[in-house]
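Asks: Got a predicted structure plus its sequence, pasted below:
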Amino acid sequence: MSSNYGVFMFVVVLKYKVDISIIDKFLQEHVNFLEMQYDAGVFIISGRQEPRNGGVVLAHNIERHQLLELLKLDPFFINGLAEYEIIEFYPSKSSLELSHLVA
């Protein structure tokens, strides 16, 4: 969870692979999954994209390989509804409100 550069974070970008009507059928299960990750201290913020073709999650306190395994528990993944892009980055600057996230 850290390197010579400090603590790293992940941006997880979800892209829906199916019609939004199918996404909506699994949305509550997905929200429950998100809540569990917030409670575990892994997810920091999340939300849907606009236009509504996917979502974005900011994660920390986890190793990349652990995050990959964790995302396999998402009902959107389990049911083949979304694909995931993971962008790893090292936060080096933030607003005062988020300064605790910068090493």
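Replies: Noted; the coordinates are in hand. Numbers count the residues shown, from 1 in each chain.
Asks: how about low-confidence regions in the protein?
Replies: Low-confidence regions of the chain, defined by pLDDT under 70, span residues 1-6, 103.
Asks: in it, which spans are helices?
Replies: Assigned by DSSP state H, the helices in the chain fall at 20-39, 64-71, 75-78.
Asks: for the ones you listed, which one ends up most surrounded?
Replies: Of those, the one with the most neighbours on average (mean count of other C-beta atoms under 10 Å) is helix 75-78, at a mean of 18. For glycine as for every other residue, the C-beta is placed from the backbone atoms N, C-alpha and C.
Asks: Can I get the helices of the chain in JSON lines including distance to H100?
Replies: Below are the helices of the chain laid out as JSON lines (distance: least, C-beta to C-beta, whole Å):
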{"stretch": "helix 20-39", "distance to H100": "16"}
{"stretch": "helix 64-71", "distance to H100": "20"}
{"stretch": "helix 75-78", "distance to H100": "29"}
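Asks: I'd like to know which of these is closest to N53.
Replies: helix 20-39 (8.2 Å; C-beta to C-beta).
Asks: Only the C-alpha atoms, please, for the closest one, written as CSV.
Replies: The C-alpha coordinates for helix 20-39 follow below in CSV (Å, rounded to 0.1, in the frame of the first residue of the first chain):
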residue,chain,number,x,y,z
ILE,A,20,-29.3,0.4,-18.3
SER,A,21,-32.6,-1.5,-17.7
ILE,A,22,-30.5,-4.6,-16.8
ILE,A,23,-28.2,-2.5,-14.7
ASP,A,24,-31.1,-1.2,-12.7
LYS,A,25,-32.2,-4.8,-11.8
PHE,A,26,-28.9,-5.3,-10.1
LEU,A,27,-28.3,-1.8,-8.7
GLN,A,28,-29.4,-2.5,-5.1
GLU,A,29,-27.1,-5.5,-4.9
HIS,A,30,-24.2,-3.3,-6.3
VAL,A,31,-25.0,-0.6,-3.8
ASN,A,32,-24.9,-3.2,-1.0
PHE,A,33,-21.4,-4.3,-2.3
LEU,A,34,-20.3,-0.7,-2.2
GLU,A,35,-21.5,-0.1,1.3
MET,A,36,-19.5,-3.2,2.5
GLN,A,37,-16.4,-1.7,1.0
TYR,A,38,-17.0,1.7,2.6
ASP,A,39,-17.5,0.0,5.9
